[in-house]
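S.K.: can't give you the sequence, but here's the structure:
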DNA sequence: TATAAAACCTACCAACTAAGTAGACTAATA
DNA sequence: TATTAGTCTACTTAGTTGGTAGGTTTTATA
């Protein structure tokens, strides 16, 4: 399951994608409209900024807005950033790989199946972007 | 990610599937061969028994063995039993559904995408069985 | 029928993670 | 220079994960 954190991230990103033409959007506005705890949302947006997905402006008239085009940010990227691995096992993960102890990946039935699951999942998440979150 | 618990469950089930012709297998034998903490494995096997996947015999000459045919037990069933939901969001889960607050499932982009992920995942996990874990 | 083997059961625990909060600091603008 | 708004560091609290301890019950067999 996705954590609350990444669910909030997607909600916020969807909102920002909708408001892309309106200039900077306040954290407090997003928090209110999407019912996300304000301080928690602060952390999330900051992470998204540090990952170069969002940009921000301080002071009056400030707020958050997209740095990249939403259509260029894959869902998979956001999940990996906020939650970590997408795969069901470390030994089949592409970005968070860890080798299996006591099991030879070359002929491990579980490994095989979980690789299939991974590929099926990524087929979706690598081809859908934040643009798909817009109304 | 799968928990250690369900990973251990799969290891143990794979071992039992291999030894299906040999009569009851000791917990301690599985624990040793698959390097699973003994007492932890006890709990896991008990859960699998209560779910009617395994059967056990007490006393001398006892142990664990399959109640169902491994080929009739889907991977998805084991994951749901040990770890819970397979879906990435409660609002797209088939077995652990919870409705979304503050978001209309009828036109929610995230919901749409996560339904696709769910279906792609289940396509694999509902069609692979414990038989696929055998050597 | 005693005894040993084996699963079963209840309870506990330490470490970690998820989810969120508090409060001070920095930068931009009017 | 006052106000606005994001940034940063640190903390808290509840729940989950990954176990462990130790006793109870059931069964085969000598």
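M.R.: Arrived safely, thanks for sending. On a predicted model such as this, the values are computed, not experimentally measured, just so you know. Numbering: from 1, shown residues only, chains lettered A, B, ... in the order given.

S.K.: Nearest residue to the middle of chain A?
M.R.: Note on chain A: the residue nearest the mean C-alpha position is residue A:78, at 1.8 Å, using Cα atoms, centre = their mean.

S.K.: element containing that residue?
M.R.: helix A:75-82 (DSSP states H and E).

S.K.: now swap in residue A:64 and tell me
M.R.: Assigned by DSSP H and E, residue A:64 belongs to strand A:63-66.

S.K.: does DNA strand D sit close to that strand?
M.R.: Yes. Against DNA strand D, strand A:63-66 shows contacts by Cβ under 7 Å from any atom of the strand at A:63-64. For glycine as for every other residue, the C-beta is placed from the backbone atoms N, C-alpha and C.

S.K.: got the contact list for that strand?
M.R.: A:16-17, A:20, A:23-27, A:29-30, A:45, A:49, A:53-57 (Cβ atoms under 8 Å, 6 or more residues apart in numbering or on different chains).

S.K.: Ok, stretch A:124-131 next?
M.R.: For stretch A:124-131, contacts defined as Cβ under 8 Å, 6+ apart pick out A:13-14, A:17, A:70-76, A:78-79, A:86, B:113, B:116-117, B:120.

S.K.: what comes up buried for that stretch?
M.R.: For stretch A:124-131, burial by neighbour count (16 or more other Cβ atoms under 10 Å in any protein chain shown) applies to A:124-125, A:128-130.

S.K.: now swap in stretch A:89-109 and tell me
M.R.: A:89-93, A:103, A:108-109.

S.K.: got it, and stretch A:11-23?
M.R.: Buried residues in stretch A:11-23, counted by 16+ other Cβ under 10 Å: A:11-17, A:19.

S.K.: mind giving me the domain split of chain A?
M.R.: A:4-66, A:72-133 (automatic domain parsing).

S.K.: rank those domains by pLDDT, which is bottom?
M.R.: Confidence, taken as mean pLDDT, is least for domain A:72-133 of the domains of chain A (a mean of 94).

S.K.: what separates that one from the chain centre, distance-wise?
M.R.: 14 Å (Cα atoms, centre = their mean, to the nearest Å).

S.K.: Between the two ends of that domain, how far is it?
M.R.: With Cα to Cα, to the nearest Å as the measure, the first residue of domain A:72-133 is 13 Å from its last.

S.K.: again, but for stretch A:122-135
M.R.: Its start and end residues considered, stretch A:122-135 measures 23 Å (Cα to Cα).

S.K.: which residues in chain A form strands?
M.R.: For chain A, the strands defined by DSSP state E cover A:54-57, A:63-66.

S.K.: closest one to residue B:135 among those?
M.R.: strand A:54-57 (49.3 Å; Cβ to Cβ).

S.K.: and chain A, which of its residues are near chain B?
M.R.: By Cβ under 8 Å from any Cβ of the partner chain, the part of chain A that sits against chain B consists of A:1-2, A:7, A:10-11, A:14, A:34-35, A:75, A:85, A:87-90, A:101-103, A:107, A:109-110, A:112-113, A:116-117, A:120-121, A:123-125, A:128, A:132-135.

S.K.: tell me, which helix in chain A spans the most residues?
M.R.: helix A:109-125 (DSSP state H).

S.K.: Report the angle between that one and helix A:75-82.
M.R.: For helix A:109-125 against helix A:75-82, the angle by axes from the mean of the first three to the mean of the last three Cα atoms, to 10 degrees is 110 degrees.

S.K.: buried sites along helix A:109-125?
M.R.: A:109-118, A:120-122, A:124-125.
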